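S.K.: just the structure for this:
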Amino acid sequence: MDHVRDFGGDIFNFIGASEQFGESVGAISFTALCGYYTVKAVFNIFKSPSKEVAA
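M.R.: Residues are numbered from 1 along each chain as shown. Below you'll find the predicted structure:
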C-alpha cells in the first residue's frame, strides 16, 4: 500500500496538485478497485451451479 500511496503522491505532485491529496486518492482508488473485484469474484463463485461434463 505504501507503493500505491507514493505513486499517487508523485503523480499529483508532477501535475502540480497536492501530494497528500494524491496519496489519499491513490489509496482510496486502489482499495475500491480491489474491493470491487473481490466482491465480484465471491458473487461469481455462488452465482452459477457447477456444470456437468458430457462424457
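S.K.: the helices in the protein, which residues?
M.R.: With DSSP state H as the criterion, the chain has helices at 2-14, 19-47.
S.K.: can you say which of those is packed in most?
M.R.: Mean neighbour count (mean count of other C-beta atoms under 10 Å) peaks for helix 2-14 among the helices of the chain, with a mean of 15. Bear in mind the C-beta positions are built from the backbone N, C-alpha and C, glycine included.
S.K.: show me what that helix packs onto, helices and strands only.
M.R.: With contacts taken as 3 or more C-beta pairs under 8 Å, 6 or more residues apart in numbering; DSSP states H and E, helix 2-14 sits against helix 19-47.
S.K.: of the helices of the chain, which shows the lowest average pLDDT?
M.R.: Per-segment mean pLDDT for these reaches its minimum on helix 2-14, at a mean of 82.
S.K.: and the spatially most central residue of the chain, how close does it get to residue 48?
M.R.: Nearest to the geometric centre of the chain sits residue 33, at 2.4 Å (C-alpha atoms, centre = their mean). Distance, residue 33 to residue 48, using C-beta to C-beta, to the nearest Å: 24 Å.
S.K.: ditto for residue 1
M.R.: Look at residue 1 and residue 48: by C-beta to C-beta, they are 33 Å apart.
S.K.: can you check residue 27 too?
M.R.: Distance from residue 27 to residue 48, counting by C-beta to C-beta: 34 Å.
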